[in-house]
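> kindly return the folded structure for what I paste below:
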Amino acid sequence: MQEAAFDLGAEANAFVARQRGVGAIVTFTGIVRDLDDAPLHHMQIEHYPGMTEKALSKIAEDAAGRWALGDILILHRYGRLAPDDAIMMVATASRHRRDAFEAAMFLMDFLKSRAPFWKKEETAEGADWVAAKADDEAALKDWT
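The predicted structure is shown next:
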């Protein structure tokens, strides 16, 4: 958890540098995107320190229990973010690509739907809290 921006390349390179004996590394970075119906001024992401870190650790533990992984990285920002800012990054390392890809997908799906973050989008029309999306909930069914 961090408020400051992170350097995608530096984080990915540092993750790769600490791996030994893996055959696959998968990274994913989520970006704050503009809205379809109105330009997004910014997104405010809130969390409860301690509670959020505990939830992220649990999601990572669940992934490690399902796939043969050498390492997992989860970075997630909070605070005020503008369109095109990196909001989060996951990386997985494994001996085999399937484990790395599936674990990364699992992490992304559970971070999107189960991590305790609250997001508010501000446009020229005002500010609205982001509601859970049916598509995000449906993606969790792939993992049950």
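> can you list contacts of the longest helix belonging to the chain?
The helix that spans the most residues within the chain, counting by DSSP state H, is helix 97-114. Residues outside helix 97-114 that contact it (C-beta atoms under 8 Å, 6 or more residues apart in numbering) are 22-28, 30, 55-56, 59-60, 62-64, 66-69, 72, 74, 76, 88, 90-94, 132, 136-137, 139-140, 142-143. Where you see a C-beta, it was placed from the backbone N, CA and C, and this is true even at glycine.
> which residue is nearest the centroid of this protein?
Met88 (4.4 Å; C-alpha atoms, centre = their mean).
> what residues of the longest helix of the chain count as buried?
Buried positions in helix 97-114, judged by neighbour count with 16 or more other C-beta atoms under 10 Å: 99-112, 114.
> and if you look at stretch 37-50?
Within stretch 37-50, the residues scored as buried using 16+ other C-beta under 10 Å are 40, 42-43, 45, 47.
> just give me the closest of those to Phe6.
Ile45 (14.0 Å; C-beta to C-beta).
> any idea what that closest one is bridged to?
Per DSSP bridges, the residues bridged to Ile45 are Gly79, Lys119.
> list the contacts for it?
Counting by C-beta under 8 Å, 6+ apart, Ile45 makes contact with 77-79, 81, 87, 117-119.
> of the residues you listed, just say which sits nearest to Met1.
Within the contacts of Ile45, the smallest distance to Met1 is 6.3 Å, found for Tyr78 (C-beta to C-beta).
> without its sequence neighbours, what residue ends up closest to that closest one?
Distance criterion C-beta to C-beta, 6 or more residues apart in numbering; nearest residue to Tyr78, sequence neighbours excluded, is Ile45 at 4.6 Å.
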